[in-house]
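# heads up, no residue letters with this:
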């Protein structure tokens, strides 16, 4: 996902409850609450988590869920889950796939119920109470994870079933569930001695605590920075809609009559692109790239260095050379050497292109009489000038044609043509914020298949980026199929006055991208919740969304939704041709800034010693080693690299490029057969979107494509192939 992706759950819950529960159906008889869980439930009778949601489609009862409800619900859920696990251990029957593996799969229901709401909201609509609760809950979940994965009696039962796997006649999905369950234990420390198990618990708790601190610091830093402008002359070059949003932001922040720009992407990027004031561009750029690096209470340097060192120590305790080796064992890339190998194939061409782009911009600066060397805060501004000169095109020309409302229609149109799904907006369903929109989603037979939520505007309570999550995942057990509840969260500028929200071409592309993730969740058709939708290796999860982006640029699709918000006229063919001609422009920069962050991620997670590094020195040496030019900074510098230090992408930020290779190769099939060819769309749905993590993803890809993915379509799409 663009920005931070995927599951909102902290590492502990992701590990522990990847073995967890579905919402409604238990394969074995439910276990009565144990004494502790029942005591908590009895003393919190009004807690919405302790009873079925009395809402349409059992959407979480947001109106009645209060911050004080989470902690007792987590405590009761953890206690109840322990009782369910103990019942599996105490079962006197010989361990079987049903009474051990499936019983674990359908345990932990209450914890999952509260976690799915809590961790979605801590990302999308947080507050001080939720942040405080998160700090209290994190060590509890980490301990619960360790209690499960380090329980030798339980592991021996799992191991017994695993050792019989060749004689059990399991389905492909069952065999995958067994394999993944066994690996979760071995990778979670089940084979360690008691002393090392104690050490592992400590490491997990420390890492979880530091990761939360990193994220809280970054949010505070992002919200703290303001570029306040009180002289209208300093707004020279900025489009009216950007100025209007800045005025609205100023009013909201107590600066009436002024203009405020922040380090959120929807604010900083337009300013860097259009503001004529080089001095102010430098100021906001440095405000952005120095987040977490200001030697104040929110500084992240020591925190991230400690996280890196602790992860290295944990990996070696578990028998792996580095944290990257530990992580990548479960990815399709398999080893850091393979990832470095891929990056080194793409890097030279991308860097050469970026250097050529920098030369073009320096030539323009010189021609204009600018007596300065191109700097990083100049890149967006001068690249846009060159784009206009070369193609008579800038993204502001596209805004009138990509209103949020029309772009949503384009997304839904594309999904309908490909997969036959239709949507119906509902304004009466529960939602966690007034700005959230909700749709019923119907399959090609007219049956309800999912609930889709969209949360589109930037706000201080929401972390940056764009992502998809689920409030309930799909599963299919005993002929009962759950209705998944899927949400897309983005950070578009809120429209000013009566104007609609108008998107840049790139922002509209992000809407298609995130809906690709949503389709992965909504079209899932698997038995087990832990294998549903986006429950796939991290370097595969971006693949369906990267594919989905391609339809937005197709003239046939643009004609359906890219209509001027005032006149209703379809985007002119001449402008479409400019978009397509400019699509390869600045791809050296885009690829290099991304790959620099990827290499930085891998460098942090291939360290082999446990002494925390000097973060600033380590980063500088990493960037120097890769040969990054000074005019480009990594897309994420270490101190605000939340993907890897407070999210789930550690040693995995390369996943976007890895998935983009698959996406570019897969879309070749649609281009060969027709972008809405039914047979191709059905094959993609049946082998990729519906299967989730129920089978090896690369086998599924080969089933769809008939071959392994090649790198050439990606290089060609970015204009990086040698001329």
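Received it, and whenever you're ready, just let me know what you need. Fair warning: this is a prediction, and the values are worked out from it, not measured in the lab.

# Now do the contacts for residue 622.
599, 600, 603, 604 (Cβ atoms under 8 Å, 6 or more residues apart in numbering). To be clear about C-beta, it is placed using only N, CA and C from the backbone, and glycine gets the same treatment.

# Tell me if it really is in a strand.
No - assessed with DSSP: H, G, I helix; E, B strand; the rest coil, residue 622 is helix; it does not lie in a strand.

# what packs against the helix or strand that contains residue 103?
According to DSSP states H and E, residue 103 maps onto helix 103-105. Helix 103-105 sits against helix 67-90, helix 172-187, with contacts defined as 3 or more Cβ pairs under 8 Å, 6 or more residues apart in numbering; DSSP states H and E.

# Out of those, which one sits most buried?
Burial of these is given as mean neighbour count (mean count of other Cβ atoms under 10 Å); helix 67-90 ranks first at a mean of 20.

# mean confidence for that one?
Averaged across helix 67-90, the pLDDT comes to 95.

# returning to that earlier point: max pairwise distance over the contacts of residue 622: which two?
Pairwise distances across the contacts of residue 622 (Cβ to Cβ) peak at 9.8 Å, for the pair 599 and 604.

# Comparing the two, which shows the higher neighbour count?
For residue 599 versus residue 604, neighbours defined as other Cβ atoms under 10 Å are more numerous around residue 604 (28 against 23).

# So residue 665 sits against residue 709, correct?
Yes - Residue 665 lies in contact with residue 709 (Cβ atoms under 8 Å); the separation is 3.8 Å.

# Dump the helices and strands packed on helix 103-105 to JSON lines, plus distance to residue 563.
Formatted as JSON lines, those follow (distance: least, Cβ to Cβ, whole Å):
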{"stretch": "helix 67-90", "distance to residue 563": "43"}
{"stretch": "helix 172-187", "distance to residue 563": "44"}
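
# Just the buried residues of the helix holding residue 103, please?
Residues of helix 103-105 classed as buried: 103, 104, 105 (neighbour count, 16 or more other Cβ atoms under 10 Å).

# which among those gets closest to residue 272?
For the buried residues of helix 103-105, the nearest to residue 272 is residue 105 (48.2 Å; Cβ to Cβ).

# With residue 532 as the reference, measure out to that closest one.
Applying Cβ to Cβ, to the nearest Å, the value for residue 105 to residue 532 is 11 Å.

# count of neighbours near the closest residue to residue 698 other than its chain neighbours?
Once flanking residues are discounted, residue 698 sits nearest to residue 332: 5.4 Å by Cβ to Cβ, 6 or more residues apart in numbering. Neighbours of residue 332 under the rule other Cβ under 10 Å: 20.

# Residue 418 reaches residue 683, doesn't it?
No - taking contacts as Cβ under 8 Å, residue 418 lies outside contact range of residue 683: 11.3 Å.

# so where's the stretch 401-550 of the chain uncertain?
In the predicted model, the stretch 401-550 of the chain carries pLDDT under 70 at residues 478, 480.

# Tell me where it has strands.
Using DSSP state E, counting those that start in this stretch, the strands of the stretch 401-550 of the chain run over 422-426, 437-442, 448-457, 467-472, 476-477, 480-481, 485-492.

# No further questions, thank you.
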